[in-house]
Every structure is written in C-alpha cells, then in structure tokens.
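S.K.: what shape does this take:
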Amino acid sequence: QVRLVELGGGLVQAGDSLKLSCVASGPSATFHNYGMGWFRQAPGKEREFVATINWSGGSTAYEDSVKGRFSISRDNAKNTLYLQMNSLKPDDTAIYHCAGRRWGGTSAAMIDYDWWGQGIQVTVSP
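M.R.: Predicted structure coming up:
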C-alpha cells in the first residue's frame with residue numbers, strides 16, 4: 001500500500017503563485033516506478049484532471065486551462081511530487097488530489113490510478 005499526503009495548500013489572491021507537494025510513503029512504495037498525477041474537485045463539480053508526469057519526469061501533460069500556468073515535477077530521491085501553480089485564478093479554487101499508478105507512464109484518466117491522497121484545499125480570491 002502506498003500513502004500519499006498533499007502539502008502546501010491555502011488561501012491566495014488572484015495572480016499569486018502556490019506550490020503543492022505530495023509525499024509518498026509505505027512499506028512497498030517504490031515512488032520512482034510510478035506515474036503520478038494531480039486532479040482537482042471544485043465545489044459542486046466532478047473531479048477533473050490537472051496534470052500528469054511519467055516515472056522519470058521526462059514526459060508531462062496538462063489540462064488545457066492550466067497549460068502555461070502550472071508545472072508538474074518530481075524528485076524521486078525525496079519520494080515527492082510537485083505542482084507549481086502560477087497566475088492563479090478564482091476558477092482554480094478546488095481541493096487538489098495527487099494520485100499514483102503502478103505503471104510508469106502518464107495518464108489523464110482517474111481510473112488508471114491506484115492510490116489517492118486525501119486532498120488539500122486551494123482557494124483563490126478575486
């Protein structure tokens with residue numbers, strides 16, 4: 001079992017930046033093998049894809065509305081996934097979840113992920 005814990009959320013103003021972290025742990029965790037992703041769920045809406053990264057960090061993909069503003073990265077030595085969020089907008093307000101999958105490739109589909117963090121709140125005020 002792999003445990004994922006998100007860190008770094010909070011309340012910011014529109015135009016500000018915020019960096020989320022997701023730390024992986026567990027007796028069988030081999031973080032460097034996993035494809036990882038970030039998803040978010042706004043109030044009253046379904047959970048949606050934000051960004052994904054492959055096992056090495058060499059391949060990434062983003063949801064259209066965050067392209068050019070958000071950047072996903074990872075540090076396999078620290079078992080940590082990151083999401084750098086710049087030029088934040090009120091529409092980015094949501095609970096952000098990190099997710100991991102046994103296969104090392106990228107994926108935008110929630111069904112492809114095996115482990116999920118509990119999520120962390122990001123609120124962007126106008």
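S.K.: any idea how far the residue positioned nearest the centre of the chain lies from Ile120?
M.R.: Nearest residue to the geometric centre of the chain (Cα atoms, centre = their mean): Trp38, 2.5 Å. According to Cβ to Cβ, to the nearest Å, Trp38 and Ile120 sit 11 Å apart. In short, each C-beta sits where N, CA and C put it, glycine included.
S.K.: which neighbours do those two share?
M.R.: Listed contacts common to Trp38 and Ile120 are 20, 96; contacts here mean Cβ atoms under 8 Å, 6 or more residues apart in numbering.
S.K.: quick check: closest non-adjacent residue to the residue nearest to the centre of the chain.
M.R.: Val50 (4.3 Å; Cβ to Cβ, 6 or more residues apart in numbering).
S.K.: and the one you found, how many neighbours?
M.R.: The number of residues packed near Val50 is 25, by other Cβ atoms under 10 Å.
S.K.: could you do Asn76 as well?
M.R.: 16.
S.K.: just the strands in this protein please.
M.R.: Using DSSP state E, the strands of the chain run over 3-7, 10-13, 18-25, 35-41, 48-53, 60-62, 70-75, 80-85, 94-101, 115-116, 120-125.
S.K.: below-threshold pLDDT in this structure: ranges please.
M.R.: Across the chain, the ranges flagged by pLDDT under 70 are 28.
S.K.: recalculate using a threshold of 90.
M.R.: Counting by pLDDT under 90, the ranges of the chain that qualify are 1, 26-30.
S.K.: wait, isn't Lys19 in contact with Gly10?
M.R.: No - counting by Cβ atoms under 8 Å, Lys19 sits too far from Gly10 to count as a contact (10.5 Å).
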